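Trainee: Curious how this folds, go ahead:
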Amino acid sequence: MRLLVLGGTEFVGRAVTEEALARGWQVTVFNRGRHGVPDGVEALRGDRAAAGEGGLAALERGTWDVVVDTWSGAPSAVRDAARLLAGRAGSYAYVSSRSVYSWPQAAGLTEDGPLVDASPDAGEVEYAQDKRGGELAAVAAFGERALLVRAGLILGPYENIGRLPWWLGRIARGGLVAAPGPRDLPLQYVDARDLAGWTLDAAARGLGGPYDMVSPSGHTTMGELLETCVRVTGSDAELRWIAPDAVLAAGIEPWTELPVWLPPGESHDALHRSDVSKAASAGLRCRPVTETVADTWEWLRLGGQPRLRPGRAAVGLAPEKEALLLGG
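Mentor: Down below sits the predicted model:
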């Protein structure tokens with residue numbers, strides 16, 4: 001199989017590239033060349049954010065069986081690339097987001113849920129509209145050959161936001177750790193490598209349309225996630241479970257200051273209680289949380305660090321705020 005990855009050197013794109021190479025596929029990546037590429041990969045250079053199609057000149061020739069696009073900016077960039085490739089590629093897998101659903105998102109939401117308004121011709125707007133506009137652009141160019149991979153929370157080695165890396169780093173330092181409860185709070189996420197494997201399988205099979213890409217709700221819990229962090233780091237950390245009301249009363253922001261965690265309620269239902277039976281029926285298999293945590297820790301231990309995108313703030317709880325939450 002001949003694969004073109006638009007991106008291909010950071011988190012999800014890197015996982016897709018490495019999975020394809022492991023399968024013996026011929027891999028081409030198109031990006032600005034800011035990061036190195038694995039051995040055996042053909043690199044095409046260009047800036048798809050450049051005005052007009054000038055930045056896509058390197059894509060004007062070549063044919064591919066599958067295109068995987070991880071773009072998160074202006075939908076018009078997806079539009080231009082997809083139009084250019086429509087006659088020379090078999091399928092177009094666009095890595096989108098479950099953020100494309102209108103808020104609020106009820107527990108049990110499926111791919112038929114209501115969507116935000118967006119345009120494939122827009123410049124960069126809000127994240128949800130960017131991703132939905134990208135979906136519309138992919139479908140406009142590829143029709144039923146467009147595979148829309150609506151990812152939820154993505155974890156694993158090379159994570160470029162730093163949610164799981166923050167928890168691992170904090171727990172590795174040891175001592176008393178503020179653990180937001182309840183301990184049995186169900187979580188949904190997908191390991192980037194599982195997302196990559198499923199996407200390549202689905203595209204090779206000719207699947208199209210939207211698929212929510214995240215583990216079943218309760219694949220792990222907040223307790224299992226943090227206790228696994230303690231175990232794999234070998235830390236002497238002691239988790240002190242704190243009730244959600246107490247966390248919120250302390251003025252601590254869920255999701256950003258306490259990564260991954262959302263208190264029970266509307267936001268948690270939207271992020272951690274969706275129905276992913278469609279992807280599961282199409283072959284999605286999620287590795288155990290122990291493997292995701294251990295491999296992420298190994299990456300960090302060997303010097304890996306999240307590469308935050310410009311304008312994105314680091315996640316995590318300041319030590320002084322944690323001390324107040326712990327009553328110290």
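Trainee: Contacts only, for the nearest residue to Tyr101 once chain neighbours are set aside.
Mentor: Nearest non-adjacent residue to Tyr101, counting by C-beta to C-beta, 6 or more residues apart in numbering: Gly113, 4.7 Å away. Any C-beta I mention is one placed from the backbone N, CA and C, and that applies to glycine too. The neighbourhood of Gly113, defined by C-beta atoms under 8 Å, 6 or more residues apart in numbering, consists of 101-102, 105.
Trainee: sec struct for Glu19, please.
Mentor: What DSSP: H, G, I helix; E, B strand; the rest coil gives for Glu19 is helix.
Trainee: before we move on, which element is the closest residue to it other than its chain neighbours in?
Mentor: In this structure, Glu19 finds its nearest non-sequential neighbour in Ala196, 4.3 Å apart by C-beta to C-beta, 6+ apart. Using DSSP states H and E, the element containing Ala196 is helix 192-204.
Trainee: Give the other helices and strands that that helix contacts.
Mentor: Contact partners of helix 192-204 among helices and strands, from 3 or more C-beta pairs under 8 Å, 6 or more residues apart in numbering; DSSP states H and E: helix 12-22, strand 64-69, strand 89-97, strand 146-151, strand 154-155, strand 209-213.
Trainee: Looking at those, which is nearest to Pro310?
Mentor: In terms of C-beta to C-beta, the element of the helices and strands packed on helix 192-204 nearest to Pro310 is helix 12-22, at 17.2 Å.
Trainee: Quick check: buried residues in that closest one?
Mentor: 12-21 (16 or more other C-beta atoms under 10 Å).
Trainee: Now flag whichever of these is closest to Val95.
Mentor: Closest to Val95, out of all of these and judged by C-beta to C-beta, is Val12, at 5.7 Å.
Trainee: For the closest one, give me its contacts.
Mentor: 70, 95, 151, 154, 192, 195-196.
Trainee: Can you give me the pLDDT of it?
Mentor: On pLDDT, Val12 comes in at 96.
Trainee: Any chance of the contacts of Gly113 in TSV with distance to Ala318, secondary structure and neighbour count as columns?
Mentor: Listed next are the contacts of Gly113 as TSV, based on distance: C-beta to C-beta, whole Å; DSSP: H, G, I helix; E, B strand; the rest coil; neighbours: other C-beta atoms under 10 Å:
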residue	distance to Ala318	secondary structure	neighbour count
Tyr101	32	strand	23
Ser102	34	coil	13
Gln105	30	coil	19
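Trainee: Give me the lowest-pLDDT entry from the residues you listed.
Mentor: Lowest pLDDT within these is found at Gln105 (93).
Trainee: Return the distance of the residue lying closest to that residue once chain neighbours are set aside relative to Gly311.
Mentor: Of all residues not flanking Gln105 in the chain, Ala270 sits nearest, at 3.6 Å (C-beta to C-beta, 6+ apart). Per C-beta to C-beta, to the nearest Å, Ala270 is found 24 Å from Gly311.
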